[in-house]
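Participant: Sequence plus the predicted model coming up.
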Amino acid sequence: MRVISINVNGIRSAAKKGFFAWLQNQSADIVCMQETKAQQHQLTETIFNPEGYHVYFCDAQKKGYSGVGIYSKLKPTAVKYGLGWPIADDEGRYLQLDFGKLSVVSLYLPSGTSGDERQTIKYDFLAKYAEILRHQAHDGQSYILCGDWNIAHTKQDIKNWQANQKCSGFLPEERAWLDQVFGPIGFVDAFRHKYPDKVIYTWWSHRARAWENNVGWRIDYQVISQDLADKIQHGSVYRDEKFSDHAPLIMDYNI
């Protein structure tokens, strides 16, 4: 099973940059997208509904903002939209497809970069979501939680870690939250589990030629249940083309 996750930073923008042409050749079983920035009624063109895929979107109420989507070659047994509180649901930040005992999620955690108010909202989201993760870790399902988590976990996951210690996305409290997710709560960072020493990034600022100089952050993850850790076959980040300020994270599983 090949699972791709990407923050497209506007699905229509990514389409113009060749994302769907690239996707045709990826043999992906499931594609999780974040920050689609569109309503489903705006995505009726064939390009946004690839042949062979079941198509699901969870849109933000605000037009041109947030939103997540999943393309799946397999028809899910159930679909869940949202998490049950306004920031998650009104801003289109969570979409879950169930395939029997396997659940695949497209998740877009809030950013706190715009100021203290959004950082407070982010912390509130993290606290609520941690409780859901604790439940999911023991509910009998296997999970692949794909998305833009908007947190670089360790110094290994950010190029200029010293200069960003007081920046949202690399704050001690955020990193400690991921310590809990990958520690006591019991989930696994799939890419880091497979490649403990590999330095690779998934997002680059628009400033100071960050993409060209590979001055990036690893904030896009596939977070998996412990029972799937031994099923990881391969992982990579695709950078030969630029569809967004994020790059696709591709993981292959023996599922």
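Facilitator: Alright, I've got the coordinates.

Participant: Please determine how far residue 125 is located from residue 1.
Facilitator: When C-beta to C-beta, to the nearest Å is the yardstick, residue 125 and residue 1 sit 28 Å from each other. Placement of C-beta: from N, CA and C, glycine included.

Participant: remind me which residues of the stretch 101-250 of the chain are low pLDDT?
Facilitator: In the prediction, the stretch 101-250 of the chain carries no residues with pLDDT under 70.

Participant: where along it do the helices fall?
Facilitator: Applying DSSP state H, counting those that start in this stretch to the stretch 101-250 of the chain gives helices spanning 116-136, 172-181, 190-194, 210-213.

Participant: ok, residues contacting the last one?
Facilitator: When contacts are taken as C-beta atoms under 8 Å, 6 or more residues apart in numbering, the neighbours of helix 210-213 outside the stretch itself are 204, 216, 242, 245.

Participant: can you check the longest one too?
Facilitator: Contacts made with helix 116-136 from outside it, assessed by C-beta under 8 Å, 6+ apart, are listed as 83, 85, 87-88, 93, 103, 109-112, 143, 150, 168, 173-174, 177, 180-181, 185, 187, 225.

Participant: one step back: compare the helices of the stretch 101-250 of the chain and give me the one nearest residue 77.
Facilitator: Closest to residue 77 of the helices of the stretch 101-250 of the chain is helix 116-136 (C-beta to C-beta; 16.7 Å).

Participant: and the closest one, how far from the chain's centre?
Facilitator: Per C-alpha atoms, centre = their mean, to the nearest Å, the displacement of helix 116-136 from the mean C-alpha position of its chain is 16 Å.

Participant: Mind giving me the ChimeraX select for the contacts of helix 116-136, buried ones only?
Facilitator: What follows is the ChimeraX syntax for the buried subset of the contacts of helix 116-136, where burial is set by 16 or more other C-beta atoms under 10 Å:
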select :83,87,88,93,103,109,110,111,112,143,150,168,174,177,181,185,187,225
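
Participant: What about the contacts of helix 116-136, which are in strands?
Facilitator: 103, 143, 187, 225 (DSSP state E).
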